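1. structure for the following, please:
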Amino acid sequence: MKKLQRTSLLIMLSITVCATVLYAVSAAVTGTFQPAAVGKIETAGPKKPPKPPDVAEEKQVKKTTIHSVTISAAGDVTIGTDENFPYMFSFPYEVKKNGYAHFGKHIRGIFDKDDLTIVNLETTLTTAKAKAVKKFRFKGAPDYAQILTLSGMDAVNLANNHTRDYLRQGYEDTIKTLKKYRIAYFGYDNKYIAGINSIPVGLLGYEGWENTQKLRRTIMADIAELRRRGTQVIIVSFHWGVERSHYPNAVQKALGRHAINQGADLVLGHHPHVMQGIEQYRGKYIVYSLGNFMFGGNRNPSDKDTFIFQQTFYVQNGKLSDKKEIRLIPALISSVKERNNYQPLPLEGAEAKRVLSRLKKYTNHLGKFDWSVLK
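-> Okay, the predicted model is just below:
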């Protein structure tokens with residue numbers, strides 16, 4: 001989510017007074033003295049009208065200004081565990097054995113090169129004891145937030161089905177911890193706006209289980225608010241879909257397209273815990289599921305494939321350009337095959353082609369996609 005000196009007032013006044021006296025004397029002799037306008041600095045110029053600027057000067061005046069911002073997005077990050085899970089090979093086990101820097105060892109270099117890294121934080125960071133009544137309840141020690149910063153993660157989505165696993169206390173503790181470690185957060189009523197490379201970027205997040213009119217109105221109003229506040233790039237995250245399904249359902253498609261129709265520039269999805277395809281819709285991208293990423297919620301998932309989605313946005317003369325530039329980085333959620341060590345590993349060679357082939361299959365199922373935009 002990852003680049004006057006002051007002059008003495010007395011001297012300035014003395015110089016100004018002397019200059020004024022000399023100018024008045026000279027003007028009195030020539031008879032040309034006229035008082036200057038208040039608050040305006042004037043300099044002597046030619047009496048003849050200035051000639052129009054040449055072509056080179058005109059081009060310089062109309063010089064195009066282009067700014068860019070590169071966004072990286074990855075999937076579910078659960079830096080914690082369910083207390084009912086066995087300790088051996090759990091996330092806390094890996095923390096104690098390898099330390100905080102272990103988890104982002106292979107991805108920090110990627111995220112450090114972008115301008116903003118976004119992930120879905122699917123856990124609480126709390127010491128609370130009271131839990132929600134549900135099957136899985138995730139919690140990590142507040143100090144685990146350092147794993148996010150050491151991994152190069154800048155902003156986290158909180159709109160998901162686990163940030164309230166430890167009820168209100170757990171949710172409030174999580175936000176307090178994120179503030180302490182200066183990690184941006186968004187989701188629900190939390191809207192994040194930051195100026196990055198002279199480009200105002202806004203982040204919104206929702207749970208998208210049903211395509212209700214209430215949710216659609218909220219999305220419309222939130223995007224409109226960000227636009228009124230001058231946001232030029234708006235990214236919307238949804239927690240939605242069906243677990244272990246590689247294809248988006250009707251609700252995902254409806255909400256994702258609705259967000260684009262209302263002015264979102266990119267839609268990111270998570271919850272299925274597996275990869276889903278990317279839809280190219282009205283010149284924008286809907287990434288239906290980024291899959292797991294640094295996922296402490298399963299010690300050995302059968303599907304360890306994942307990817308990092310990157311997009312570079314260009315703003316020309318204050319307006320978002322239609323130029324498209326994306327990058328897909330195939331990865332595994334673990335650097336070892338026999339289990340999950342919660343250390344995402346970018347892939348190369350045959351393994352990278354294998355994961356990318358899967359992603360292309362799911363993407364092509366959604367309609368025409370221009371693969372030439374890939375870097």
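2. isn't Arg299 up against Phe85?
-> Yes: if you go by Cβ atoms under 8 Å, Arg299 and Phe85 touch, sitting 6.9 Å apart. Placement of C-beta: from N, CA and C, glycine included.
3. residue boundaries of the helices in the stretch 151-300 of the chain?
-> All helices of the stretch 151-300 of the chain, identified by DSSP state H, counting those that start in this stretch, fall at 167-180, 213-228, 250-261.
4. tell me the mean pLDDT over the last one?
-> Pointing back at helix 250-261 there. Mean pLDDT, computed over helix 250-261, is 98.
5. for stretch 91-103, same thing?
-> Stretch 91-103 comes out at a mean pLDDT of 98.
6. what of stretch 344-355?
-> Mean per-residue pLDDT for stretch 344-355: 98.
7. gap between that stretch and the chain center?
-> Centroid displacement of stretch 344-355 relative to its chain, using Cα atoms, centre = their mean, to the nearest Å, is 24 Å.
8. again with stretch 359-375
-> The answer for stretch 359-375 is 22 Å, by Cα atoms, centre = their mean.
9. same deal with stretch 332-340?
-> For stretch 332-340, the distance from its own C-alpha centre to the chain's C-alpha centre is 26 Å (Cα atoms, centre = their mean).
10. list the buried residues for it?
-> Leu332, Ile333, Ser334, Ser335, Asn340 (16 or more other Cβ atoms under 10 Å).
11. dump these into JSON lines; add secondary structure and distance to Gly241 as well.
-> Formatted as JSON lines, these follow (DSSP: H, G, I helix; E, B strand; the rest coil; distance: Cβ to Cβ, whole Å):
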{"residue": "Leu332", "secondary structure": "strand", "distance to Gly241": "21"}
{"residue": "Ile333", "secondary structure": "coil", "distance to Gly241": "18"}
{"residue": "Ser334", "secondary structure": "coil", "distance to Gly241": "22"}
{"residue": "Ser335", "secondary structure": "coil", "distance to Gly241": "27"}
{"residue": "Asn340", "secondary structure": "coil", "distance to Gly241": "21"}
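12. Gly230 contacts Ile199, correct?
-> No: Gly230 is beyond contact range of Ile199, at 10.3 Å (criterion: Cβ under 8 Å).
13. neighbour-wise, which of the two wins?
-> Between Gly230 and Ile199, Ile199 has the larger neighbour count (other Cβ atoms under 10 Å), namely 19 against 11.
14. residues in contact with the more buried one?
-> Applying Cβ atoms under 8 Å, 6 or more residues apart in numbering to Ile199 gives the contacts His67, Ser68, Val69, Gln232, Val233, Phe313, Val315.
15. partner residues bridging the second one?
-> So the one you mean is Ser68. Tyr314 (DSSP bridges).
16. that one and Leu203, how far apart?
-> Remark: distance between Ser68 and Leu203 (Cβ to Cβ, to the nearest Å) = 18 Å.
17. Gln146 belongs to a helix?
-> Yes: secondary structure assignment places Gln146 in a helix (DSSP: H, G, I helix; E, B strand; the rest coil).
18. tell me the contacts of the closest residue in space to it that isn't next to it in sequence?
-> Nearest residue to Gln146, sequence neighbours excluded (Cβ to Cβ, 6 or more residues apart in numbering): Tyr100, at 4.8 Å. Going by Cβ under 8 Å, 6+ apart, Tyr100 touches Asp143, Tyr144, Gln146, Ile147, Leu150.
19. for Ser90, grab the count of nearby residues.
-> 19.
20. name the nearest residue to Lys105, ignoring sequence neighbours.
-> Using Cβ to Cβ, 6+ apart, the nearest residue to Lys105 is Gln343, at 6.2 Å.
21. quick one: that neighbour from Ile107, how far?
-> Using Cβ to Cβ, we find Gln343 at a distance of 9 Å from Ile107.
22. neighbour-wise, which of those two wins?
-> Remark: of Gln343 and Ile107, Ile107 carries more neighbours, 24 against 20, as counted by other Cβ under 10 Å.
23. so who does the closest residue to the more buried one other than its chain neighbours touch?
-> Counting by Cβ to Cβ, 6+ apart, Ile107 lies nearest to Pro344, which is 5.2 Å off, once chain neighbours are set aside. Contacts for Pro344 (Cβ under 8 Å, 6+ apart) come out as 74, 103-104, 106-107, 293-294, 306, 331-335.
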